[in-house]
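> Here's a sequence, model it:
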Amino acid sequence: MHAIIDQSQQRDWMVKHQIEARGVKSRRVLEAMRTVPRELFLPAALHEFAYEDAPLPIAGNQTISQPYIVAMMIDALDLKGGETVLDIGTGSGYAAAVLSCIAARVYSVERIVQLAEDAKAVFQAHGFNNIHVLQGDGTRGWPEHAPYDAIIVAAGGPMVPESLKNQLKIGGRLIIPVGFDQLSQELIRVTRIGEHEFKTEDLADVRFVPLLGEEGWKQERFEATERRQPAPPPVAEIKLAALIADRCESFTDIEYVDLAPLMKRIGDARIVLLGESSHGTSEFYRLRARITRELIESKGFSFVAIEGDWPDAARIDHYVRHAEYPPSEWTAFARFPTWMWRNEEVRHFVDWLRAYNADRSSNERIAFHGLDLYSLYNSIRSILDYLQSVDPATAEVARQRYGCLTPWQSDPAAYGHAALTRQYQDCEQEVVTMLKELLTKRQAYAEHDGERFLDAVQNARLVTNAERYYRTMYYGSRSSWNLRDSHMFDTLVALLAHHGPESKAVIWAHNSHVGDSAATEMSQRGEFNIGHLCRRQFGENAYAIGLGTDTGTVAAAENWDSPMEIMTVRPALENSYEWLCHDSGIDRFLLPLRTARDPGLIQGLNQARLQRAIGVIYRPESERQSHYFTAKLPQQFDEFIWFDRTTAIKPLATEMLKSLPDTYPFGI
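Modelled structure (predicted):
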């Protein structure tokens, strides 16, 4: 028999540190979370873990959601008190109990008989008298008590059930996870604004149990899907690591690595995509430069295109191609994150490219372009400056939002904040107006330094795409990722057309952009990237190379617009590709994947595993949630390059730039 322990202090601490500190400000929600003892809804053996911010197992092979998710979802309903609320997926009953402290009536529907009966017993025993429980198909709602002021669904379905939408009052809000992957969804808010008119907003990346029922996932389909899951390949991890060691091409020095076998594998490819698993690792930049030099010298590649803003890259292009017209008044990559391209590693490559072009005719010189939307980082900086001046709290929300530029960032705190403040929406019109003015100015730079490459129609499309991107990014919609990578791919295609039918391109971008998204969890959410688009259009004429590391140091920031720090990269997690590569015992190697001759190696690597991605933001305290996603490496890349230990890039110091000519792209 377990004694009942007063856990009110732990509950207060949880609300203060795990919920309020992460952006939930509603007085009603915070008070309800402080009032309801979570341990009442857990098996006795789990009472001691009640106030950890984590999902926990309950009966019926189900889970009780983590407290932050419960608070975030209820807060997104924007309850004022006294409403009638429909709760789909009673589960343990915890969320319904929290809702009952705010709403006048809570109607809760649970599919599993045992859970419905257990929840009823807890409600009756502890005085939650305004909660009514129905055992049945939650996707059909509870029409007898409709319409509802709010509906909350604690399971993920392939779409929003029509029955639930029809049971909303006009003005009512519905919160539900939706996605075609049964284990990864987008949390959305649906607001009924008319008899047949609904507004939908994306709130967060989440993972809920599947919503089974007539208007959700079918029970038999879910069970069949479980049965169809392939067994892990019959290759033990230790054997797979040994296979990597046996089949890879090891090297010790970047400058003198033998690239002839790699060049043979690349063959006549027109597009070579060179990745990186962080934006702040010296070895990645230096090896990309080394491979690019070889591609230019031995295979006649025409231009380098980077994951960077067009005007900044145009300033570098002006320098490396010895342009005769005056450069624009523009200092390349002078805003956050300055270290991403303003570093010694990039400077050495830029200087090499200028020297290489010096003895070539103007129409033979190798170009340097930016693929990204207009001034991605400069525009964000301007948005933050504006928000900081009118509403610092909203500026902080924006910093959280822009800090998550990778599509698999699954920490809900990083996505949910925008849903929790009306002020964020109130600022939208001013931000959009300011952004239009900003982009018009940026267009002038692109037309000045970029008129050789894209005509006025292309420039106009850039401005349009950029505005759409920032508008969607402002609210955290996944469509912003697809818009950005579509724009980068369209720019690449336009540049290939400009440089001629024989032109070839080297792309420098993050692994998350260059590896085929179809081989990662991105595809399950309907996301794609430039690597996927290149593979679809160019087939084997696109060759994608990923780069990875186990540990070392990296240049990154803790949050958007925070100072750059040299951070220690944590050793790779078990069951990740990085862990497997480290276990091979080879410090540096190239691993051919497209032409690998060992079926056991490819079979073993084709088992979905974790893969790490560090952008300009590194949050080691939430490493698993913030920096890992699942992928199938041989389908993602044609080649993988490994550095077991790496070092941070070296940002350019002001003292290094004082004596340089005005034409040098990295000005003070």
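
> Does the nearest residue to Phe489 once chain neighbours are set aside belong to a helix, a strand or coil?
Counting by C-beta to C-beta, 6 or more residues apart in numbering, the nearest residue to Phe489 once its immediate chain neighbours are dropped is Leu533, at 4.3 Å. (C-beta placed from N, C-alpha, C; glycine too.) Three-state assignment for Leu533 (DSSP: H, G, I helix; E, B strand; the rest coil): helix.

> Could I get the pLDDT score of Leu533?
pLDDT for Leu533: 97.

> how about it, what does it touch?
Neighbour list for Leu533: Asp485, Ser486, Phe489 [criterion: C-beta atoms under 8 Å, 6 or more residues apart in numbering].

> Out of those residues, flag the one nearest to Ala323.
Phe489 (26.4 Å; C-beta to C-beta).

> any idea which element that closest one lies in?
Per DSSP states H and E, Phe489 falls inside helix 479-499.

> Can you report the mean pLDDT over the residues of the next helix or strand after that helix?
For helix 479-499, the following helix or strand on the C-terminal side (DSSP H and E) is strand 505-508. Taken as a whole, strand 505-508 has an average pLDDT of 98.

> So which residues make contact with whichever helix or strand comes after strand 505-508?
Sequence order places helix 511-514 as the next helix or strand after strand 505-508, per DSSP H and E. Contacts to helix 511-514, defined as C-beta under 8 Å, 6+ apart, come from residues 273-277, 307, 406-408, 485, 488, 507, 522, 529-531, 544-548, 611, 613, 615, 637.

> hang on, the earlier thing: of all the contacts of Leu533, which comes closest to Arg354?
Using C-beta to C-beta, these come closest to Arg354 at Phe489, 27.8 Å.

> pretty sure the closest one contacts His532?
No: using C-beta atoms under 8 Å, Phe489 makes no contact with His532, being 9.0 Å away.

> Who has more neighbours out of those two?
His532 (25 against 22; other C-beta atoms under 10 Å).

> Wasn't Gly308 part of a strand?
Yes: the assignment for Gly308 (three-state DSSP) places it in a strand.

> Out of the contacts of helix 511-514, which sit inside helices?
Asp485, Met488, Ile530, Gly531 (DSSP state H).

> Where in this protein is the helix or strand with the lowest mean pLDDT?
Lowest mean confidence among the helices and strands of the chain (mean pLDDT, DSSP states H and E): helix 412-416, at a mean of 38.

> Quick check: closest non-adjacent residue to His582.
Per C-beta to C-beta, 6+ apart, closest to His582 is Asp550, 4.2 Å.

> in what helix or strand does that neighbour lie?
Going by DSSP H and E, Asp550 is in strand 542-556.

> between the helix or strand just after that strand and strand 542-556, how many degrees?
Counting by DSSP H and E, the next helix or strand C-terminal to strand 542-556 is strand 565-569. Angle of strand 565-569 versus strand 542-556, following axes from the mean of the first three to the mean of the last three C-alpha atoms, to 10 degrees, is 110 degrees.

> what lines up beside strand 565-569 in the sheet?
strand 542-556 (antiparallel) (DSSP bridges).

> Double-check Ser100 against Val133; I have them as touching.
No: the criterion here is C-beta under 8 Å, and Ser100 misses it with Val133 at 11.6 Å.

> show me where the stretch 1-150 of the chain has strands.
56-58, 62-64, 84-88, 105-110, 131-135, 148-153 (DSSP state E, counting those that start in this stretch).

> Low-confidence ranges, the stretch 501-650 of the chain, go.
By pLDDT under 70, the stretch 501-650 of the chain has no low-scoring segment.

> now stretch 595-607, how far from the chain's geometric center?
28 Å (C-alpha atoms, centre = their mean, to the nearest Å).

> from here on, count from 14
Fine by me, first position is 14 from now on; the one you just mentioned is stretch 608-620.

> just to revisit the earlier point, what about the residue nearest to His595, how many neighbours?
21.

> Who are the contact partners of it?
If you count contacts by C-beta under 8 Å, 6+ apart, then Asp563 has Val582, Pro584, Ala585, Glu591, Trp592, Cys594, His595, Asp657, Arg658 around it.

> Burial check on the fourth one, number of neighbours?
Counted by other C-beta under 10 Å, the residues lying close to Glu591 total 24.

> Tell me if I am right that it is in a helix.
Yes: secondary structure of Glu591 (three-state DSSP): part of a helix.

> ok, so what distance separates the residue nearest to it when sequence neighbours are not counted from Tyr298?
Spatially, and ignoring its direct neighbours in sequence, Glu591 is nearest to Ala585 (3.3 Å; C-beta to C-beta, 6+ apart). Using C-beta to C-beta, to the nearest Å, Ala585 is found at 21 Å from Tyr298.

> Ok, Ala58 next?
In terms of C-beta to C-beta, Ala58 sits 51 Å off from Tyr298.

> out of these two, which sits in the busier spot?
Legend: neighbour count by other C-beta under 10 Å for Ala58 and Tyr298, higher for Tyr298 (26 against 8).

> residue contacts, that one?
So Tyr298 contacts Glu289, Asn356, Glu358, Val359, Phe362, Ile662 (C-beta under 8 Å, 6+ apart).

> So what sits opposite the spatially closest residue to the last one that is not a sequence neighbour in the bridge?
Same thing as Ile662. Distance criterion C-beta to C-beta, 6+ apart; nearest residue to Ile662, sequence neighbours excluded, is Asn356 at 4.3 Å. Taking DSSP bridges as the rule, Asn356 bridges to Pro664.

> Would you confirm that Gly544 contacts Ile558?
No: Gly544 is beyond contact range of Ile558, at 10.3 Å (criterion: C-beta under 8 Å).

> of the two, who's got more company?
Taking neighbours as other C-beta under 10 Å, Gly544 and Ile558 compare with Gly544 leading, 30 against 25.

> Name all residues that make contact with that one.
Leu286, His526, Val527, Gly528, Asp529, Ser530, Ala555, Ala557, Gln649.

> Give me the spatial nearest neighbour of Ile627, chain neighbours excluded.
Ser291 is the one closest to Ile627 (C-beta to C-beta, 6+ apart), at 3.8 Å.

> Can you tell me how far the one you found is from Tyr298?
Distance from Ser291 to Tyr298, by C-beta to C-beta: 10 Å.

> just Ile319 next, same as before
Counting by C-beta to C-beta, the gap from Ile319 to Tyr298 is 11 Å.

> Who is Ala217 paired with across the strands?
As assigned using DSSP bridges, the partners bridged with Ala217 are Leu200.

> Pull out the buried members of the contacts of Asp563.
Val582, Ala585, Glu591, Trp592, Cys594, His595, Asp657 (16 or more other C-beta atoms under 10 Å).

> in a strand, that's where the fifth one is, yeah?
No: per three-state DSSP, Cys594 lies outside any strand segment and is helix.

> gap between it and Pro584?
The separation that Cys594 has from Pro584, given C-beta to C-beta, amounts to 12 Å.

> picking up where we left off before, anything in contact with each of Gly544 and Ile558?
Contacts common to Gly544 and Ile558, judged by C-beta under 8 Å, 6+ apart, are Leu286, Val527.

> circling back to that earlier point, let's have the strands of the stretch 14-163 of the chain in JSON lines, adding mean pLDDT and distance to Gly184.
Shown next, in JSON lines, are the strands of the stretch 14-163 of the chain (pLDDT from 0 to 100; distance: least, C-beta to C-beta, whole Å):
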{"stretch": "strand 69-71", "mean pLDDT": "81", "distance to Gly184": "34"}
{"stretch": "strand 75-77", "mean pLDDT": "82", "distance to Gly184": "30"}
{"stretch": "strand 97-101", "mean pLDDT": "97", "distance to Gly184": "13"}
{"stretch": "strand 118-123", "mean pLDDT": "96", "distance to Gly184": "17"}
{"stretch": "strand 144-148", "mean pLDDT": "96", "distance to Gly184": "23"}
{"stretch": "strand 161-166", "mean pLDDT": "97", "distance to Gly184": "8"}
